[in-house]
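Trainee: A structural model of the following input is requested.
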Amino acid sequence: MKLVSSSSTLFLVVASAAIILLARAQDENVTDPDIILTVPPLDSNVTVAPVASGPPTPRPTLAPTCAVNTDCPGGQFCSSSSGNCELISCINWSAGTPRDETSFSEEPCIADGAEEGTAFCGWDGSCYSYSCENWYQFGPVEFTSFDINNPVPLACELYSTGAEENANSVVFGCRPYQPGSKAPETATWTHFFNQKCSSRPRGNDTFTCYQNTPSTDYTDFLAEVSNLNQQSCNRDFYDNEQPLYWYILQVQQDRKGAVIKHNHGRQNTASSASFDASAAVTTLFAQLISSDDPPPQPVPIPTDAPQESDGALPSCDTVLWAVVAVAAGVVWFL
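Mentor: The predicted model follows:
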């Protein structure tokens, strides 16, 4: 039968004591990362004990590296959250809208590969094609009043009175005519919105949006355009030399009686020499009427963010089994 040497016995006692102290820390919910366990050399008489290392040294706050977008190189913008130049992408843009721009924009979506005039950057860091449904849920809340914690659905119905209300969607002529403005039929022809969506997102706020359904047939509109025989525009009144197809995209808020328009970083209208059905589908006119201050903007949470450890120590059962394993291994070795 082998006898265990005194030095081996001391090693076993020290190792076991360290593990038992770890178990006690778990039982007492001691999870302070500033408490560390020190194990003395085998020939030392110092008792193993927890030693506080003191409060952590705070990290220095870095000064902002930019004030406006022009301080940043091409392909980057000045983030209002970090104060630094960030790559232009929708997730970066929504997390820190540029310091010198208070609105959302198409620019991040174009940088992410979308065609100009087809998509906007939502508050959640994703790009969405223009539609009443997408704008209501993911556009800036100061223009929609949408509440992600208590979402009120958007109700849409066919809209047949667009002509009476001058709800212009696509206008063919020498210049565009905004919703509510009657286009002179002798020089232009108008296709009107055919769907109306509405909601009461918060309190007395009302959100209304007009758009074309994806199944809209533009045959009659194009036939009437061909009958106009409009060949040129008077340069004394218009900038364009020939009549164009103008696609309306206008979003605004009427807050406490003050109307604020939102341009998404582009003009309220886009144009083309020939008819573009895809552009016609993305036309819309949206308006929020509110008597309250704007609600806070939601903050996007990156889905690929690393998960933080909860700082939990091993359970007592795990530690006790570890003690048994260490003791058995040492005895066997000896």
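Trainee: any weak-confidence spans in this structure?
Mentor: For the chain, the stretches with pLDDT under 70 are 1-64, 99-104, 178, 184-186, 235-236, 238-240, 263-268, 299-334.
Trainee: In it, which strand is the longest?
Mentor: For the chain, the longest strand by residue count, based on DSSP state E, is strand 244-255.
Trainee: From the contact counts, what lies against that strand?
Mentor: On a contact count with 3 or more CB pairs under 8 Å, 6 or more residues apart in numbering; DSSP states H and E, strand 244-255 meets strand 168-173, strand 258-262, strand 269-272, helix 277-281, strand 284-290. Using the backbone N, CA and C atoms, a C-beta is placed for each residue, glycine as well.
Trainee: Need the winner for burial among those.
Mentor: Stretch with highest mean neighbour count among these: strand 168-173 (a mean of 26; mean count of other CB atoms under 10 Å).
Trainee: Not counting its own residues, what contacts it?
Mentor: The contact list for strand 168-173 (CB atoms under 8 Å, 6 or more residues apart in numbering) reads 162, 176-179, 181, 183, 187-194, 210-212, 218, 221, 225, 228, 230, 243-248, 275, 280, 283.
Trainee: Turn the helices and strands packed on strand 244-255 into a markdown table, including distance to Cys66.
Mentor: Shown next, in a markdown table, are the helices and strands packed on strand 244-255 (distance: least, CB to CB, whole Å):
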| stretch | distance to Cys66 |
| --- | --- |
| strand 168-173 | 40 |
| strand 258-262 | 25 |
| strand 269-272 | 31 |
| helix 277-281 | 35 |
| strand 284-290 | 32 |
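Trainee: which one of those lies closest to Ile91?
Mentor: The minimum distance between Ile91 and those falls on strand 258-262, with 20.9 Å, by CB to CB.
Trainee: partner residues bridging Thr208?
Mentor: Under DSSP bridges, the beta-bridge partners of Thr208 are Ser198, Gln287.
Trainee: Pretty sure Ser290 is one of the things it touches, is it not?
Mentor: No: judged on CB atoms under 8 Å, Thr208 makes no contact with Ser290 at a distance of 12.0 Å.
Trainee: Please name the residues that touch Pro295.
Mentor: By CB under 8 Å, 6+ apart, Pro295 lies in contact with 141-142, 145, 147, 202.
Trainee: swap that for Ser131, sorry
Mentor: Applying CB under 8 Å, 6+ apart to Ser131 gives the contacts 211, 282, 284.
Trainee: Pop out the phi and psi values for it.
Mentor: Per-residue torsions, Ser131: phi -160, psi 160 (degrees, to the nearest 10).
Trainee: Direction included, what does the longest strand of the chain pair up with?
Mentor: Paired neighbours of strand 244-255 in the sheet (DSSP bridges): strand 168-173 (antiparallel), strand 258-262 (antiparallel), strand 269-272 (antiparallel), strand 284-290 (parallel).
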